[in-house]
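**Student:** Mind folding the following:
(2 chains)
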Amino acid sequence: MPKRTDIQSVLVIGSGPIVIGQAAEFDYSGTQACRVLRAEGLRVILVNSNPATIMTDPEIADATYVEPITPEFVEKIIAKERPDALLPTLGGQTALNTAISLHENGVLEKYGVELIGAKPEAIHKGEDRDLFKGVVEEVRRKTGHGESARSVICHSMDDVLKGVETLGGYPVVVRPSFTMGGAGSGFAHDEDELRRIAGQGLTLSPTTEVLLEESILGWKEYELELMRDKHDNVVVVCSIENFDPMGVHTGDSITVAPSMTLTDREYQILRDIGIAVIREVGVDTGGCNIQFAVNPVDGRVIVIEMNPRVSRSSALASKATGFPIAKIAAKLAVGYTLDEIPNDITQETPASFEPTLDYVVVKAPRFAFEKFPSADSTLTTTMKSVGEAMAIGRNFPEAFQKALRSLEKKGSQFTFVGDPGDKDALLREAVRPTDGRINTVMQAIRAGATPEEVFEYTKIDPWFVDQLFLIKEIADELAGAPELTGELLAEAKRHGFSDQQVAEIRGLREDVVREVRHALGIRPVYKTVDTCAAEFAAKTPYFYSSYDEETEVARREKPAVIILGSGPNRIGQGIEFDYSCVHASFALSDAGYETVMVNCNPETVSTDYDTSDRLYFEPLTLEDVLEIVHAEQQAGPVAGVIVQLGGQTPLGLSQALKDNGVPIVGTSPEAIHAAEDRGAFGQVLAEAGLPAPKHGTATTFAGAKAIADEIGYPVLVRPSYVLGGRGMEIVYDETRLAAYIAESTEISPSRPVLVDRFLDDAIEIDVDALYDGEELYLGGVMEHIEEAGIHSGDSACALPPITLGGFDIKRLRASTEAIAKGVGVRGLINIQFAMAGDILYVLEANPRASRTVPFTSKATAVPLAKAAARISLGATVAELRAEGLLPANGDGGELPLDAPISVKEAVMPWSRFRDIHGRGVDTVLGPEMRSTGEVMGIDSVFGTAYAKSQAGAYGPLPTKGRAFISVANRDKRSMIFPARELVAHGFELLATSGTAEVLKRNGIHATVVRKQSEGTGPNGERTIVQLIHDGEVDLIVNTPYGTGGRLDGYDIRTAAVARSVPCLTTVQALAAAVQGIDALNHGDVGVRSLQEHAEHLTAARD
Amino acid sequence: MTTSTKGAARVPAVLVLEDGRIFRGRAYGAVGETFGEAVFSTGMTGYQETLTDPSYDRQIVVATAPQIGNTGWNDEDDESSRIWVSGYVVRDPARVPSNWRAKRSLDDELERQGVVGISGVDTRALTRHLRERGSMRAGVFSGEAIAPDAELLERVQAQPHMKGASLYEEVATKEAYVVPAVGEKKFTVAAVDLGIKGMTPHRMAERGIEVHVLPATATADEIYAVDPDGVFFSNGPGDPATADGPVALMTAVLERRTPLFGICFGNQILGRALGFGTYKLKYGHRGINQPVQDRTTGKVEVTAHNHGFAVDAPLDKVSETKFGRAEVSHVCLNDDVVEGLQLLDQPAFSVQYHPEAAAGPHDAAYLFDRFVSLMEGQRA
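**Tutor:** Down below sits the predicted model:
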């Protein structure tokens, strides 16, 4: 049965900005799907507001709309493009929700668009808890297995006490009905707790109702990934077992594939239930995942939930098995059946089978709690991790230790030296799941905990616990051996120990261990991920390392370029870097090289085995990279290693790689040092005659104080060599400076703290440029909306710059060229400038692909990362212009006057985090980057582009209603004009007394509302926070008051997050928003594809 | 424990293939020596069922899944009364079992039953070797059984080949026994044991069938003495070309037009009874993820396989046989190997794979219902 002939065009919805719980995996899925659909000859229309994605590259779809993913905008696209079908299952919850809205508001019917992949009824059955309960009951009737967690509804304390008996005793979960965000729910372990929690719950619930549910905390947790075609063929692609038992969100758990602790009978029960669920829910074509809890005592199975779409887990499962779920889902959606689709990897067998693994896969989450110090770090059923690393090994310890070192975080690897601490204290600490609990468990084992104790405290399955003991015993053997023998070293490597761990245990240097290891001939081999445990020959070189006997790396003729990826996503190093790596791979493949990708992030496009000629799914540590380089050098010529596209991770390896004789192409490690080292960089600036803010470096408080005293407060302080503004702070006085130095763990004599003069009120400018040693290509100039002092990653920006003139651009170009030349760049450079008064200061330069490369590339329709990769390997700007990779003339600095305006807006993860009291965390922007993702708004004028960026990031700007304004004194002047504009647009203004007074004196009426600190008024007048919570405020403007006052607005801003009310925290953002509101209120906002924009731009350039 | 990390307990072991390739590792299970045909099995779950499957008689099984023994050994999942594999090759054995049904460790059970194994082997390299060169004779030697390589190789090469081996009698029951129907008894089936797995009569019993399991040497008279509604021929080890006795027996059943169902070896017997040839596959099908298409419905089922031989029948046409028209009903989508036969003019069919699925997915359980329908049809 071939594909459907009645569908000629498909609209694919992406997942929008990267947020916690919805990340790069949807770029991977969506890119696969778009490519497949195009290959099938369909016209693919794509909407995704996230510019940092590969899927929004103009060559992936026929019409690419970088527009907000809201029902309003998607309707405009449908009206314009008139697709035959809409595929909503590849863009996460965002796409699914948008599709359902369009179904419910009749748009799909109106335009005759068929929903393919999953029908609305199926989506509802899968997502609605009550309906799903019915599904599970039906499945139990048919298969005899599976149930939902038992629960009882209670309306009084008597009901509650009886309910506990019905459920079979403590602990129980109490969930009050109809409270916001699960307020008042909790675990009760005994009657006292139950009375307290349920009592409060009954009071909180507007219907005096609580749901009492049996606790499945500590049960084993599993997940199955399934696919079904229109002939009802179903396959289970992968089973995943959570190392962390029930109670931790699967996205925050360490997970293992395949499942490790189920017998076949138990596994087949899960499989039977899974298949029955997908049928009962009615997912016609495509994938879904189903989560189970299994009681370790008797095997009772509870079906927790299912997602009728591809998910983070399906991306993981695809990478773990080599079975590309999204790609196949797209084919199934247009009518193919599983047996008609070939298995890519074997090319000879069909996709209608179940992958079998001859290796173990471990995924470990990466967190960013250091960015949110006030957030509660306990892991719960709400996902909090920002990224993940996956590792493959031939046994669990190997995969597990590789995964931990892939996290690239201080302390993520097990350590076996030093005093582990007190066993009982460690065990008690291990009860609470946190980032790094696993290390606590290992220390408890070192301190003498028994396997039984570890299980008792953590409920981690005894098999996994034993594997931890195995690792620890090998560490003991290493430590105790009189001599580091080949046998012992091989045994350690076979269990995933890094050279660095061995070195630490033996008191040696890492490079000494490596030398010894190489002398003993102990090197990893590379095995293939082939879906079939070697039953059939694999055609796809998708490798992982293992200390085993036989390697599968084949000889090759063409010179290879090894591209180092960026590792797990984290705040400050996300999908943008993957984008650049993928582009490099494409460009170099086109240029005749064999491309070799190294990365350990399962969410990404770079780790799709289709992206590069060879893929090594490996940690990005010096040891792992050196071994890959060695293996590839054995296989054929290696032209070089690219380190400048994957962010700080590969950049940090460049010098050591070079020292080990690895050819680094592009900007040299010495040049990288020249840009990153303050002294060397100062020299570069001095020689070019460029000013930088006054600054100095110090390693002690006294040193820092002396500098600050000289240049004057406020100062910007930060550790050297960091990405994403980690640890960066604006310090207003000496007391805080002392505290900062005391708190900072990153400062040491070799890693000094940088103290800069903080430029208040400066305009910050970002420049991306290419340099080949002779010629500069200015990629783009971005003007930040927020003032300097807010991390560039968190700041909105506009390209082309909206207030800079030709003279400014000229100065920027000259400065950029001087720096690129002075540093010695061959490829990309990103420079941050600050314009204060009339002086252009250089803040910093990064001789690598920046976070803004994808945005700049899309805004100017020029593939900068591709060009950078080519320049790294010797091409010149002139050659690339001649080839057509770069425009024949002009560059990103001199865009035509009618070029579209692109606005980038950052997306913040505030709503994910709560402090230990359950309150939201503050939302004020600062010099430390905390955004997880970004959106792009593109239109012909700034106001509309800005409005689109807001709609894409946070939801549409209000066009009328009530605006609350409360600003710091220094902002009061700049607030007047925008406030007047708001009134002109019909907004009613609310303000606190101080702001209202200023407005009044300027002839603008504002209603005074009570501050939170004033409490409810004598006649029940509500405070501003109450008004926000009651949904009576449509727009909030709240700028923080300098240093100490930051907390004043805290309640307002957290309330805004809780109620999803747009909240502007700078006056610059207010001014931009007013322009946006103005655009929205004047006439129709249209949609235009990137291809149309590019055509327009190209025409204008010629 | 042989798998302990304590240096003293690491007993060396060596796996020698008939073509001279040698893998070194550590003893696992019993220490000593063993011979058999080296085959790989790709199931990620179900080692207990695999090891106790009589079809693995005289074979050294290589587990491609690297972590083996995690769920220990329980008292419920055996497919027969003992472990039949002659040797077991694994990479990383579990040190402690973890499962609420586990009674002991796999290691202990192997040792208790005297099964010689080897761990720490690059099982993927071994599997690739067997895939490229085909299944072959092998030996595992550990502890004092280790001798110079050439000597061990010579002993391996002196072993009999699987091709031409008649093994079903050695694994089949010597005495007839009855597996009672679960609930109301609806049918009686005579099941000829050529190496039957425990789950097979169980699947029939679940459908109201009283199963009389008969020895491989049973005669037609013995079959009809139980007054069967249907006759079943089981799976089993060895080369079907040597199974003249069962072929003759099946021919007698076909002549009486009794509803007939065969699994695995039973499928090969049906093939031979119909006049088709059988042949040895290069490295066989052993796993629980094999895509088989039911050509009568077009549906694909994920199935459990364990066969080193296959039936040579035309895929693209209906064949004329002495029992009327026959066709290939099921085919493996990986390599187009015949996976099922059916007669069009009388009630008989068979499959090469394992619908009883222990271990493995339950997708093909409908075949037992098909057998029931045949018996119902015959009665009507």
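
**Student:** Next secondary structure element downstream of the strand ranked longest in chain B?
**Tutor:** Taking DSSP state E as the criterion, chain B has its longest strand at strand B:277-294. For strand B:277-294, the following helix or strand on the C-terminal side (DSSP states H and E) is strand B:300-312.

**Student:** Now do that following strand and strand B:277-294, the angle between them.
**Tutor:** Inter-element angle recorded for strand B:300-312 and strand B:277-294: 170 degrees (by axes from the mean of the first three to the mean of the last three C-alpha atoms, to 10 degrees).

**Student:** Okay, buried residues for stretch A:947-960 please.
**Tutor:** A:947, A:948, A:949, A:950, A:951, A:952, A:953, A:954, A:956, A:957, A:958, A:959 (16 or more other C-beta atoms under 10 Å in any protein chain shown). (Each C-beta comes from the backbone N, C-alpha and C, glycine too.)

**Student:** which residues sit against it?
**Tutor:** A:16-17, A:49, A:67-70, A:72-73, A:796, A:903-907, A:934-939, A:985-987, A:1034-1035, A:1060, A:1062, A:1073, A:1075-1077, A:1079-1081, A:1085 (C-beta atoms under 8 Å, 6 or more residues apart in numbering or on different chains).

**Student:** ok, now with 7 Å
**Tutor:** Residues outside stretch A:947-960 that contact it (C-beta atoms under 7 Å, 6 or more residues apart in numbering or on different chains): A:16-17, A:49, A:67-70, A:796, A:903-905, A:907, A:935-937, A:939, A:985-987, A:1034-1035, A:1060, A:1062, A:1073, A:1076-1077, A:1079-1081, A:1085.

**Student:** quick one, phi psi at residue A:592?
**Tutor:** phi 100, psi 10 (degrees, to the nearest 10).

**Student:** Could you report the neighbour count for it?
**Tutor:** Look at residue A:592: counted by other C-beta atoms under 10 Å in any protein chain shown, it has 8 neighbours.

**Student:** That one and residue A:153, how far apart?
**Tutor:** To residue A:153, residue A:592 is 68 Å away according to C-beta to C-beta, to the nearest Å.

**Student:** From the contact counts, what lies against the worst-scoring helix or strand of chain A on mean pLDDT?
**Tutor:** Taking mean pLDDT, DSSP states H and E as the measure, chain A has helix A:1050-1059 as its least confident helix or strand, at a mean of 80. Counting contacts by 3 or more C-beta pairs under 7 Å, 6 or more residues apart in numbering or on different chains; DSSP states H and E, helix A:1050-1059 is packed against helix A:1024-1029, strand A:1035-1038.

**Student:** could you dump the ones you listed to TSV with mean pLDDT?
**Tutor:** Output for these, formatted as TSV (pLDDT from 0 to 100):
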stretch	mean pLDDT
helix A:1024-1029	88
strand A:1035-1038	91
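
**Student:** rewinding a little: alpha carbons only: can I get the longest strand of chain B in CSV?
**Tutor:** Extracted in CSV, the C-alpha atoms of strand B:277-294 (Å, rounded to 0.1, in the frame of the first residue of the first chain):
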residue,chain,number,x,y,z
GLY,B,277,13.2,-29.9,0.7
THR,B,278,14.8,-28.4,3.8
TYR,B,279,18.1,-26.7,4.0
LYS,B,280,20.4,-25.2,6.6
LEU,B,281,20.5,-21.5,7.0
LYS,B,282,23.9,-19.8,7.1
TYR,B,283,23.4,-18.6,10.7
GLY,B,284,19.7,-19.2,11.4
HIS,B,285,17.1,-17.0,13.0
ARG,B,286,17.3,-16.8,16.7
GLY,B,287,15.7,-13.9,18.5
ILE,B,288,12.4,-12.4,19.5
ASN,B,289,12.2,-9.5,17.1
GLN,B,290,11.7,-11.1,13.7
PRO,B,291,9.1,-9.5,11.3
VAL,B,292,6.9,-12.2,9.8
GLN,B,293,4.1,-11.4,7.4
ASP,B,294,0.9,-13.4,7.5
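
**Student:** can you pull out the strands in the stretch 51-200 of chain A?
**Tutor:** All strands of the stretch 51-200 of chain A, identified by DSSP state E, counting those that start in this stretch, fall at A:63-65, A:85-87, A:114-115, A:151-154, A:172-176, A:186-188.

**Student:** So which other helices or strands are in contact with the second one?
**Tutor:** To tie it back to what came earlier, the one meant is strand A:85-87. Going by 3+ C-beta pairs under 7 Å, 6+ apart, strand A:85-87 lies up against strand A:9-13.

**Student:** Not counting the strand it packs on itself, show me its contacts.
**Tutor:** A:30, A:33-34, A:37, A:42-47, A:69, A:74, A:77-78, A:81, A:83-88, A:90-91, A:95, A:98-99.
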